[in-house]
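Q: Pasting the sequence and the predicted model now:
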Amino acid sequence: MELQQPFSLKRFFLQWEWMLVLIFVAVNVINMNLSPYYLDAEGLRDATMSFLDKAFIVLPMVFIIILGDIDISVASIVALASVVMAVSFQAGVPMAAAMVICLLVGTACGFVNGWLIVRFKELSSVIVTLATMIIFRGIAYIILEDQSAGKFPAWFKFLGWGYIGEVPFMLIMFVLAVLFFSWALHKTAFGRRVYSMGNNVTAARFSGINVDGIRILIFTVAGLMSGVTALFLTSRMGSTRPNVATGYELEVITMVVLGGVSTSGGKGRMIGAVIAVFLIGYLRYGLGLINIPAQILLIVIGSLLVAAVLVPNFKWSPRAR
Amino acid sequence: MQSAEGPKFVLELKGIHKRFPGVRALQDVHFQLRPGEIHALMGENGAGKSTFIKIITGVHQPDEGEILLNGEPVSIHNPKDSQHRGIAAIYQHVTCYPDLSVTENIFIGHETVSPLTRAIQWKSMHEEARKLLAELGSDIDPRTEMGALSVAQQQIVEIAKALSTKARIVIMDEPTAALTKRESEELYRITLKLRDSGVSVIFISHRFEDMYRLASRVTVFRDSQYIGSWDVDKITNDDLIMAMVGREITQLFPEKRAEIGAELLRVENLGKVGLFSGINLTLHQGEILGLTGLVGAGRSEVCQSIFGILPADAGTIYLKGQPVRINRPSDAIALGIGYLPEDRQKQGLVLSWGIGKNISLPMIDEFAGTWWLDEKKEGSVVRDLADFVKVKAGGIETEAGTLSGGNQQKVIVAKLLGTKPKVIIIDEPTKGVDVGAKAAIHEIMGELASQGFGIIMVSSEMPEVLGMSDRIAVMREGRISAILDRDEATQEKILEAAMAANYHAQEPLRG
């Protein structure tokens, strides 16, 4: 029996990820031609930081969508974690401890999602996270009502605005996170199990895979990463309100799906979603520079999304592994 | 073989070839269907029957060859086209809309509508559906939800649907595989009725009884090739088996008996509310313990609870004398208990994955290096396992979903063996498997037993239970009603233990 299919150049290039790279290059070329300010290194660098906060949630969301699930409560978790952190700090908790609380709140919220989904099998993840989306945001409003909280110590600004050498701190953290999540998804037994669950959860269970445990873990990690996003977002804004991060869940899901991760589960790769993060980020920045209204941008992103969902259905498309 | 003169045949296929990447699915296949006959199509899994059917129903186009419908050459472009030409197919796994009514299922795509308002004429459709069903001698209420019917009843509805489209050729793909004996009788009656009304039927089945009861002609495929067609009353059983497997099967069950060793597994008073209770079983090394009973008696549930899918809520499981707790399948696998599920496609395989990744799934931890999966090691281990069970496929990256049923079963066996179990639980090992693969699977089971594995075999096939088991446990209504030694077991005793109390309420076993 043969060990492997021979490497095929055609198959290699006919991947959705290459399509994304092409669009990414096209976006940059168009931006450069449209605005003389686009290629300004500092401007580009700062622009990168402005969309990187939510990118941290994209990474666990890839896992969730590969499982065939979805989590629309992430933005509410960001808000709740951020608000709890701010309120704790104002109540006298040291900032470092408040940051840990922020991450813990996120993790706890994620765990609640995972536990509910596993415990009540008749509920789909959309319904569960729709409910917790409302609940988490509601709690944030109860805690802070319609006010803002802030006055963080000066060093907290470093998270969202700081540089190490010439490189934004946030970008370094994001690259590390990408490496970790890609490794977990593509290079470990754990990742293999996640893919098997996305393809056939019954067969995965009969193969001795702890499907409930993995699901809870992944939703919990999504909560944790929402907490990380809360840190960076709060640091960038300098203060927080219960309505922060509104709409993040859809932006994050858009990036994941545009990245070629199939919503029916079991297919897609981390690299695609990461490319999609930068693609959407620079598209937004470039169109913003030449004063194109945000509505047009939405139409462009929506069209790309339709293409992303359609293209894998064509016959030539390779099956993601 | 006689040649066709005029429209002597309602359907004739000549020299059909079909290739898929890496596989020759059909090679020079011929077929002739006479008006008003039931024609049995037989062959092992993977012999090309399914591809053949897909060509007739327009799912695939032949690469070469000719299709004649009533003597006229035609090409069938798609399933709809095939339907328009009066061809209907009824599959083993009924393809229906479970939440819609029987009427809706029958008329889907050709509903009766009012000429004026285009509104659906429910009343006349229900009436028409009732008539069609009555023609088949069935009193199913056309307003029932399809999902509420048994598989057998759903098949009857499918046949009614074929009638409603005025089909002249009906293809039945293993319709009796999921039916009890009594339901099969009902299907025979309806199929004969269909024939008497002038419809030609192509009947695919692994069961000889089906063929003898129904068909006048039989065609055999083997290894994607046409082997021959015969009148049913002019061919012997042995010749037919020979045609199908290409060799003589002298004995159906391996004769060699394994040495029975020490106790391996014991369950005491195992129970799960609503499913079974007070189950006591012992399994020794080298022993094959048959577990039989009527469908629904709780056999699979007991096994799934030993494997941790349905953890028991009463009783104890002992492995080599030590009490163990099994709360999930990974516990069972770690203890050396393997389970081969009944439903290959749903429970056994990730169909969109290659053979290799399927086999390695339960033992994937073994390939975890310090940092990442050792895919090289995985590949070689998996290849050895696939070769050991003799999977026939292009390579280990061949998608499991493209394999034949017998090969899929082999992949699952390889997957099971990879976890190095001591106790193997096999749920209906040869359900829907052809004669040749059946013998191969029985041989593997005998081989495993002689190597000291303990095997629990759930089966509804009486000859298999009697032929393979060292001891036979019979279940009735969630309890064990008898444990018989190989020497004392007879078909009658097993049936008696399986049904005793409510003989009339339940369907008898397949003999």
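A: Sure, I can see it.

Q: Does B:I202 belong to a helix, a strand or coil?
A: strand (DSSP: H, G, I helix; E, B strand; the rest coil).

Q: in what helix or strand does the spatially closest residue to it that is not a sequence neighbour lie?
A: Leaving aside its sequence neighbours, B:I202 sits nearest to B:I171 (C-beta to C-beta, 6 or more residues apart in numbering or on different chains; 4.6 Å). (C-beta placed from N, C-alpha, C; glycine too.) Using DSSP states H and E, B:I171 falls within strand B:169-173.

Q: which parts of the stretch 201-321 of chain A sit against chain B?
A: Taking C-beta under 8 Å from any C-beta of the partner chain as the criterion, the neighbours of chain B within the stretch 201-321 of chain A are A:T202, A:A203, A:A204, A:R205, A:F206, A:S207, A:G208, A:I209, A:N210, A:G266, A:R319.

Q: same thing with the stretch 51-200 of chain A?
A: Residues of the stretch 51-200 of chain A that fall close to chain B, judged by C-beta under 8 Å from any C-beta: A:W183, A:K187, A:T188, A:A189, A:R192, A:R193, A:S196, A:N199, A:N200.

Q: re the thing from before, what's the angle from the strand holding B:I171 to strand B:200-204?
A: Computed by axes from the mean of the first three to the mean of the last three C-alpha atoms, to 10 degrees, the angle separating strand B:169-173 from strand B:200-204 equals 10 degrees.

Q: I'd like to know the average pLDDT value across strand B:169-173.
A: In this model, strand B:169-173 carries a mean pLDDT of 91.

Q: Okay, now the sheet partners of that strand, with direction.
A: Here strand B:169-173 has these sheet partners by DSSP bridges: strand B:87-90 (parallel), strand B:200-204 (parallel).

Q: averaging pLDDT over each of those strands, which comes out lowest?
A: When I compare those, strand B:87-90 is least confident, with a mean of 89.

Q: My read is that A:E251 contacts A:A55, right?
A: No. The pair A:E251 / A:A55 is not scored as a contact, 9.7 Å apart, by C-beta atoms under 8 Å.

Q: Which one of these two is surrounded by more residues?
A: The residue with more neighbours, out of A:E251 and A:A55, is A:A55; 27 against 20, by other C-beta atoms under 10 Å in any protein chain shown.

Q: Next, the contact list for the more buried one, please.
A: A:A55 makes contacts with A:F174, A:M255, A:V274, A:V277, A:G281, as judged by C-beta atoms under 8 Å, 6 or more residues apart in numbering or on different chains.

Q: again with A:A98
A: Residues near A:A98 by C-beta under 8 Å, 6+ apart: A:M85, A:A86, A:S88, A:F89.

Q: do B:P175 as well
A: Shown in contact with B:P175 (C-beta under 8 Å, 6+ apart): B:I90, B:Q92, B:Q155, B:L187, B:F203, B:S205.

Q: so is it in a helix, a strand, or just coil?
A: Put simply, B:P175 is coil when judged by three-state DSSP.

Q: what's the answer for B:I472, then?
A: Secondary structure assignment for B:I472 (three-state DSSP): strand.

Q: Who does it form a beta bridge with?
A: Going by DSSP bridges, B:I472 is paired in beta bridges with B:G290, B:L484.

Q: Quick one: residues contacting it.
A: If you count contacts by C-beta under 8 Å, 6+ apart, then B:I472 has B:289-292, B:465-466, B:482-486, B:489, B:494 around it.

Q: Got a quick PyMOL command for the buried subset of those residues?
A: Typed into PyMOL, the line below selects the buried ones among these, using 16 or more other C-beta atoms under 10 Å in any protein chain shown:
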select buried, chain B and resi 289+290+291+292+465+466+482+484+489+494
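
Q: Run through the residues of chain B sitting next to chain A.
A: B:309, B:328-330, B:332-333, B:339, B:341, B:346-353, B:357, B:361-362, B:364-365, B:367-368, B:371-373, B:379-380, B:383, B:386-387, B:391, B:393-397, B:415, B:419.

Q: From A:W18, how far off is A:A307?
A: Applying C-beta to C-beta, to the nearest Å, the value for A:A307 to A:W18 is 14 Å.

Q: Now the common contact residues for these two.
A: With C-beta under 8 Å, 6+ apart, A:A307 and A:W18 have no common neighbours.

Q: Look up the pLDDT of residue 40 for me, please.
A: With no chain named, the answer covers chain A. So, for A:D40, pLDDT stands at 79.

Q: Can you look at chain B instead?
A: Value listed for B:A40 in the pLDDT field: 93.

Q: now do the one 3 residues further on
A: In this model, B:G43 is scored at 79, pLDDT.

Q: What are the buried residues along stretch B:367-382?
A: B:F367, B:A368, B:L373, B:E375, B:E378, B:G379, B:V381, B:V382.

Q: Could you list which of those residues belong to helices?
A: B:E375, B:E378, B:G379, B:V381, B:V382 (DSSP state H).

Q: Now do the second one against B:L351, distance only.
A: Going back to what we said before, that points to B:E378. Distance from B:E378 to B:L351, by C-beta to C-beta: 20 Å.

Q: Give me the neighbour count for the residue in the stretch 51-200 of chain A positioned nearest to chain B.
A: Nearest to chain B in the stretch 51-200 of chain A, going by C-beta to the nearest C-beta, is A:K187, at a distance of 3.7 Å. Neighbours of A:K187 under the rule other C-beta under 10 Å: 16.

Q: next one: A:A41
A: By other C-beta under 10 Å, the residues close to A:A41 number 8.

Q: thinking again about what came up before, would you mind giving the contacts of B:P175 as JSON lines with distance to B:D28 and neighbour count added?
A: As requested, the contacts of B:P175 are exported to JSON lines (distance: C-beta to C-beta, whole Å; neighbours: other C-beta atoms under 10 Å in any protein chain shown):
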{"residue": "B:I90", "distance to B:D28": "27", "neighbour count": "24"}
{"residue": "B:Q92", "distance to B:D28": "27", "neighbour count": "17"}
{"residue": "B:Q155", "distance to B:D28": "33", "neighbour count": "25"}
{"residue": "B:L187", "distance to B:D28": "33", "neighbour count": "23"}
{"residue": "B:F203", "distance to B:D28": "23", "neighbour count": "26"}
{"residue": "B:S205", "distance to B:D28": "24", "neighbour count": "21"}
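
Q: Quick check, pLDDT for residue 314.
A: Using chain A. pLDDT, A:F314: 49.

Q: wrong one, I was asking about chain B
A: We have a pLDDT of 90 for B:A314.

Q: try B:E183
A: If you check B:E183, the pLDDT there is 82.

Q: hang on, isn't it packed against B:L149?
A: No. Between B:E183 and B:L149 no contact is recorded; they are 11.6 Å apart, counting by C-beta under 8 Å.
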